[in-house]
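Participant: here you go, sequence then predicted model.
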Amino acid sequence: MRVLRRPMFRSGGSSGEGITSGLVPRQGYELGKDVQQRKDILRQAAGVMPDRSLSNLLIDFGLNVASAPPTGSIFSTAAGAAQQPFQRYQQAQQQRGLFDQKLGLAAAESAMAHADKMKELALKGQTSGLIDVQKKARILWNNRRTEQNPNGSFNTDTGEDWQSYEEVEAFVTEKSIKSKSGEYTPKVERDIRIGNRIEFIVDRDSVSPDYARSISETIEDALDGKFDDAEAEDKSDELSGRIDRNQLYIQPDDVTKGDEGTYILSADTTNVGGEYVINKAYFNPQDGQFYVYDGKGTFSLIVLPGQGG
């Protein structure tokens, strides 16, 4: 009897105990269990009373036997007394069966919808890495090194130009697998940032990719600290810390050239496409310089280290 008390021989309770501990439940069993649970909930919500049809049959039969006049043998009297109660019993069972069938169908649909949703969420989690790889590969390919784009991305492992999109995707996939964080060489990381910024500018301002690339590359240099004072301790006062990372640059149609070293924001604010913040720095594609906005409509040239003052 002690042997029968061991966990592997326990009856009842939930699966996953004793000898089945650590086993993954079968999906079909789990779905069926979920359907039954939902069916019970629906039955309670509908206020379904316990099945008393058999009790009613026996009561009606007993009353009929007691009140009906004898019609021959005891068997024929009993048969006559049971006829109507049995018909009512059959009808009650049929109605209850149809209702139970509807409950079961509703519960099954609910359980399957829930299971499908869980599969969808799981699939999204599994494919998020793939989508990220494809996005980065597309950015690198669209911004690849060519005669027109000599500073574009290339295969940093070989130093050669990309030959196909498939090569880029394989490169990005391999780097993502080898590194938990999906880190790449500084050159690749830079190309990805530039490419992301190009897409952002093109989508927001409806400009050509080449125009957006010239802006994005210069902005990237500025953010990397290329134009900062190397001896400065507080980078927040340097160009890399002052660039407005949302607006990024001065849209040409928003300004007119003012006095030396200045551009003036259009007085007709309804025609101004950009949003400029006081004391923030912006790249000006018209002359390739950076300007700071004073909040009152004037952009003043920022004299960078090495440019004189």
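Facilitator: Structure's in. What do you need?
Participant: C-alpha coordinates for stretch 143-160, CSV please?
Facilitator: What follows is stretch 143-160, C-alpha atoms only, in CSV (Å, rounded to 0.1, in the frame of the first residue of the first chain):
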residue,chain,number,x,y,z
ASN,A,143,22.5,52.9,-49.1
ARG,A,144,25.2,50.7,-50.7
ARG,A,145,28.5,52.1,-52.0
THR,A,146,28.3,53.1,-55.7
GLU,A,147,30.0,55.7,-58.0
GLN,A,148,27.2,58.1,-57.1
ASN,A,149,27.4,57.2,-53.4
PRO,A,150,31.2,56.6,-52.6
ASN,A,151,30.6,56.8,-48.8
GLY,A,152,27.8,54.2,-48.8
SER,A,153,27.8,50.8,-47.1
PHE,A,154,29.9,47.8,-48.2
ASN,A,155,30.9,44.4,-46.9
THR,A,156,33.1,45.3,-44.0
ASP,A,157,34.4,41.7,-43.8
THR,A,158,35.8,41.7,-47.3
GLY,A,159,36.0,45.4,-48.0
GLU,A,160,34.2,44.7,-51.3
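Participant: can you pull out the helices in this structure?
Facilitator: Per DSSP state H, the chain carries helices over the ranges 27-45, 53-67, 74-142, 165-178, 186-205, 209-223, 239-242.
Participant: mean pLDDT lowest for which of the ones you listed?
Facilitator: Comparing mean pLDDT across the helices of the chain, the lowest value falls on helix 27-45: a mean of 57.
Participant: so how far is residue 272 from residue 98?
Facilitator: 69 Å (CB to CB, to the nearest Å). For the C-beta atoms, the positions are set from N, CA and C on the backbone; glycine is no exception.
Participant: repeat for residue 157
Facilitator: Separation of residue 157 from residue 272 (CB to CB): 46 Å.
Participant: the more surrounded of the two?
Facilitator: Neighbours per residue (other CB atoms under 10 Å) separate residue 157 from residue 272, with residue 272 holding more: 15 against 11.
Participant: wait, what's in contact with that one?
Facilitator: The contact partners of residue 272, taken as CB atoms under 8 Å, 6 or more residues apart in numbering, are 251, 254, 265-266.
Participant: now do the same for it: its pLDDT.
Facilitator: For residue 272, the model assigns a pLDDT of 88.
Participant: please report the distance of it from residue 250.
Facilitator: Distance, residue 272 to residue 250, by CB to CB: 10 Å.
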